[in-house]
Structure formats: structure tokens, C-alpha cells
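Undergrad: just the structure for this:
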Amino acid sequence: MTNNTRNINNIFYIFVTAHLIFWTLIPSLTNHNLPLDTIEALAWGSNLDWGFNKHPPMVAFFPEVFFQIFGSQDWAYYLLSQIFVITSFYYVFKFSKEIFNNDLLGLISLLLIEGIYFYNFTTPEFNVNVCQLPFWALTVLFCWKGIKQNNNIDWILFGIFAAFGILSKYLFVYLLLAIDIFFIYLIIYGGNDS
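TA: Take a look at the predicted model:
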């Protein structure tokens, strides 16, 4: 590992740690109640089903796990939300480094998505949008690896994370439709070298 790579990786870990601490601590100190979607997920989690009238089950499963561990400590649910966000950051960073073959561009990619509203201000509220973030990143990463390396384990992981994505938010299907269109494009134009 070169010194430059080590420095960029250190910046990445400092950044995600700062994000985790900031977006867990600030809402824990300033909010008097948990956000409504988080409360709803906790209520659903007390009676885990395979789905609910609005959303699939993953949004209720993870808060229930945290409730079993931490009880009714509000900070734990802000932490849960940030764990999902930084997990997605990690896989976006990893994927960006692989695509660009450049560590600095991978870090810049991560810093750019931090500037998107849905990766910062809305993240203290654990809901289906936050729940699906790591599964978007993992699905795209393993789809890319599957196409690039055609390794069975990559395709299996792609399928698992795509399934978890659907179980996180039904609209995850849009990502899978886009991937299907990309597969059709590869079939039609991928083998054509002219």
C-alpha cells in the first residue's frame, strides 16, 4: 500500500467517523422525540410480519434488533441510521476506487454524495430510504463485479443484496429495472466490437 493510498484511506475513516458521531450526537441532543417514521418502524417491529400496509419488513426488523439490545434509548436509533449511511459510504468508496482505479477520485466521489441532502440532514430519521442505502451500494457493486469477473459468488451476493433491497423498500425495483436495461444493452451491443 502506497503512502498516498494510506493517507486517503485515513481521510476516509476520519470522515465516516466524524459523520457517524456528528449525525448521531446532534439529533440525540436536540430532538425531544424520535422522528415519526422511526417510531412507526419501532411499532411495527414489535409485531414482525413479512410486510406492512406501507413498507416491507426490513425497516421494522433492524429497529427491533436495536430495541432488544438498547431498549428505548433514542440515541441508539440515530446511531442505527448512521450505521446504514456509513455502510453505504464504505461501499460507494470501494466501488468508486474500483471504477476510477484512483483512490483520490474514490474519496471525491464519497465527499460529493455527502453533499446530497438525503445523505446528511434526513439521515437521523431511520426509514425505508435510509434502510435501502447500503443495499443500493452493495447491489451495484456486486453487479459490477459479476459483469467484470463473472464469478459465481459475486452473482450470488448480487442476488442476496438485491433481495434485501426489495425487502427494504419496494421502489428498489427501479434500480433492478435499470440493471435489467443495462443487461439488455450488454446483450445487444456488448459483443459487437465494430
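
Undergrad: tell me which other helices or strands the helix or strand containing I153 touches.
TA: Under the criterion of DSSP states H and E, I153 resides in helix 152-168. Packing partners of helix 152-168 (3 or more C-beta pairs under 8 Å, 6 or more residues apart in numbering; DSSP states H and E): helix 58-70, helix 128-149, helix 173-189. The way it works is simple: take the backbone N, C-alpha and C, and place the C-beta from them, glycine included.

Undergrad: quick one: mean pLDDT for that helix?
TA: Helix 152-168 comes out with an average pLDDT of 97.

Undergrad: and stretch 110-124, by the same measure?
TA: 92.

Undergrad: grab the nearest non-local neighbour of the residue nearest the centre of the chain.
TA: Geometric centre of the chain, nearest residue: P134, 1.7 Å, by C-alpha atoms, centre = their mean. Spatially, and ignoring its direct neighbours in sequence, P134 is nearest to T87 (4.1 Å; C-beta to C-beta, 6 or more residues apart in numbering).

Undergrad: before we move on, what SS does that neighbour have?
TA: Assigned with DSSP: H, G, I helix; E, B strand; the rest coil, T87 falls in the helix class.

Undergrad: point out where the protein drops to low pLDDT.
TA: Residues of the chain that meet the criterion pLDDT under 70 lie in 1, 191-194.

Undergrad: now D49, what's its secondary structure?
TA: Using three-state DSSP, the secondary structure recorded for D49 is coil.

Undergrad: show me the contacts for it.
TA: Listed by C-beta atoms under 8 Å, 6 or more residues apart in numbering, the contact partners of D49 are P57, A60.

Undergrad: kindly report the same for Y119.
TA: Taking C-beta under 8 Å, 6+ apart, we find Y119 in contact with V85, S88, F89, I113, L133.

Undergrad: measure I69 to V140 for me?
TA: Per C-beta to C-beta, to the nearest Å, I69 is found 30 Å from V140.

Undergrad: more neighbours: which of the two?
TA: Set side by side, I69 and V140 show more neighbours around V140, with 19 against 10, by other C-beta atoms under 10 Å.

Undergrad: reformat the helices and strands packed on helix 152-168 as JSON lines; add distance to S81.
TA: Converted to JSON lines, the helices and strands packed on helix 152-168 look like this (distance: least, C-beta to C-beta, whole Å):
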{"stretch": "helix 58-70", "distance to S81": "9"}
{"stretch": "helix 128-149", "distance to S81": "5"}
{"stretch": "helix 173-189", "distance to S81": "20"}
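
Undergrad: just say which of these is most tucked in.
TA: Highest mean neighbour count of those: helix 128-149, a mean of 21 (counted as mean count of other C-beta atoms under 10 Å).

Undergrad: can I get that one as PDB, trimmed to CA atoms?
TA: C-alpha atoms of helix 128-149 as PDB (Å, rounded to 0.1, in the frame of the first residue of the first chain):
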ATOM      1  CA  VAL A 128     -37.100   3.000   4.200                       C
ATOM      2  CA  ASN A 129     -35.000   5.500   2.400                       C
ATOM      3  CA  VAL A 130     -32.100   5.100   4.900                       C
ATOM      4  CA  CYS A 131     -32.700   1.400   5.200                       C
ATOM      5  CA  GLN A 132     -32.200   0.800   1.500                       C
ATOM      6  CA  LEU A 133     -28.900   2.900   1.100                       C
ATOM      7  CA  PRO A 134     -26.400   0.100   1.800                       C
ATOM      8  CA  PHE A 135     -28.300  -2.300  -0.300                       C
ATOM      9  CA  TRP A 136     -28.200   0.100  -3.300                       C
ATOM     10  CA  ALA A 137     -24.500   0.400  -3.000                       C
ATOM     11  CA  LEU A 138     -23.900  -3.400  -2.400                       C
ATOM     12  CA  THR A 139     -26.300  -4.400  -5.300                       C
ATOM     13  CA  VAL A 140     -24.500  -2.100  -7.800                       C
ATOM     14  CA  LEU A 141     -21.000  -3.100  -6.500                       C
ATOM     15  CA  PHE A 142     -21.700  -6.900  -6.900                       C
ATOM     16  CA  CYS A 143     -23.500  -6.400 -10.200                       C
ATOM     17  CA  TRP A 144     -20.400  -4.600 -11.500                       C
ATOM     18  CA  LYS A 145     -18.100  -7.300 -10.100                       C
ATOM     19  CA  GLY A 146     -20.300 -10.000 -11.600                       C
ATOM     20  CA  ILE A 147     -20.100  -8.400 -15.000                       C
ATOM     21  CA  LYS A 148     -16.400  -7.700 -14.800                       C
ATOM     22  CA  GLN A 149     -15.200 -11.000 -13.200                       C
END
